[in-house]
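>>> Can you look at this prediction? I've put the sequence above it.
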Amino acid sequence: MKRFTLSGIAVAFATMAALGAAPASAQTKLKFAHVYETSEPYHKWALWAADEVKKRTAGRYEMQVFPASSLGKETDINQGLTLGTVDVIYTGQLFAARTHPPLAIGGAPFMFRDFNHWKAYVNSPLYADLADGYFKKGGNKPIAVTYYGVRHMTANKAINKPEDMKGLKVRVPDAPLYTMFPRGVSANPTPIAFAEVYLALQNGTVDAQENPLPTIEAKKFYEVQSHINLTGHITEMLMTIVAGGVWNKLSDADKKSFEAIFKEAGAKATDEIVTSENKLVEEFVTKYKKTVVKTDRKPFQAALTKLHLGPDATWDKATYDKLQALK
């Protein structure tokens, strides 16, 4: 007859407890980082995506969202994908282009004719090839895009023609191609991290900044700038990128779930941004009492499109021609 000692029973219970806890310990916790405010659609739909990931993977993956540069500036979180400090990020295409330079074509000033041209691009084999080139180069996987909006210039003066920008100190994101627009009109580009822009405008470190209307509202840049100048110089997007270390561990089924979830989140955020852009032109006048300038974009286009195949271009002519041929 087998005897059971107290210590033996304790060991048995400990073993049972460990087995019972196995499903919880198998859960993988992921960090989703971005630099945008909690009031913005990007964050709202990031939270939705995080919930969906947990649901559609039966709780095997749990994702926490870190907004407003809480895990670092945009350069930091891009590096974090490879360092393993973040697992999923939103990032601008020009930051991703540091890994795969041809991706920068989508962020060049006046590259797109209109929103439909941009939409054709992100749904095209051309963009798929560029995103795959990024994946092969750095190992991190782009899985969705979100429309960020058309970038406009704010300043404490009206900007009606390129000459109005001569000598203006313009804050730009810390990625090289963002300097193309100000340099093309003889302004002085000044790279400053997104979280520091409001203070830089307030204390006069820079004279102007450029962002889409929903971002100008969310970051309250209108509080320290008197004029909203509708230059519409860049059609911008965010890429949702999963760290290679995470992507490679996902099952094929989970990869499909992640892609489906984030594409849906991107589409929903895109719809909100388009709606917001349409209403904010009037609201900046009526609600915020700002001067909105309907800038003549033609002379700006003339100055900038000639640079599309210039020395700053990180894409070849064949890629450029394919993009311009999209209907």
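Perfect, thanks for sending it. Numbers count the residues shown, from 1 in each chain.
>>> When you work out contacts or count neighbours from here on, use the C-alpha atoms and nothing else.
Will do.
>>> Quick check, Leu230 in contact with Lys294.
Yes - counting by C-alpha atoms under 8 Å, Lys294 is a contact partner of Leu230 at 5.3 Å.
>>> These two: which is more packed in?
Leu230 (24 against 15; other C-alpha atoms under 10 Å).
>>> pretty sure the more buried one is in a strand, no?
Yes - assessed with DSSP: H, G, I helix; E, B strand; the rest coil, Leu230 lies in a strand.
>>> was I right about Tyr198 contacting Val224?
Yes - between Tyr198 and Val224 a contact is recorded at 7.4 Å, counting by C-alpha under 8 Å.
>>> After the host helix or strand of Val292, which helix or strand is next?
If you go by DSSP states H and E, Val292 is part of strand 291-293. Later in the chain than strand 291-293, the nearest helix or strand by DSSP H and E is helix 298-305.
>>> With just CA atoms, put that following helix into CSV.
C-alpha atoms of helix 298-305 as CSV (Å, rounded to 0.1, in the frame of the first residue of the first chain):
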residue,chain,number,x,y,z
LYS,A,298,-0.3,75.5,-58.4
PRO,A,299,3.0,77.5,-57.9
PHE,A,300,3.9,75.2,-55.0
GLN,A,301,3.3,72.1,-57.2
ALA,A,302,5.5,73.6,-59.9
ALA,A,303,8.3,74.2,-57.5
LEU,A,304,8.1,70.7,-55.9
THR,A,305,7.2,68.2,-58.7
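>>> list the helices and strands that helix packs on?
helix 180-184 (3 or more C-alpha pairs under 8 Å, 6 or more residues apart in numbering; DSSP states H and E).
>>> Partner strands of whatever helix or strand comes next after the helix it packs on, with direction?
Per DSSP H and E, the first helix or strand lying C-terminal to helix 180-184 is strand 188-191. Applying DSSP bridges to the sheet, strand 188-191 is found paired with strand 169-172 (parallel).
>>> What segments of the stretch 101-250 of the chain are strands?
141-155, 169-172, 188-191, 208-211, 227-242 (DSSP state E, counting those that start in this stretch).
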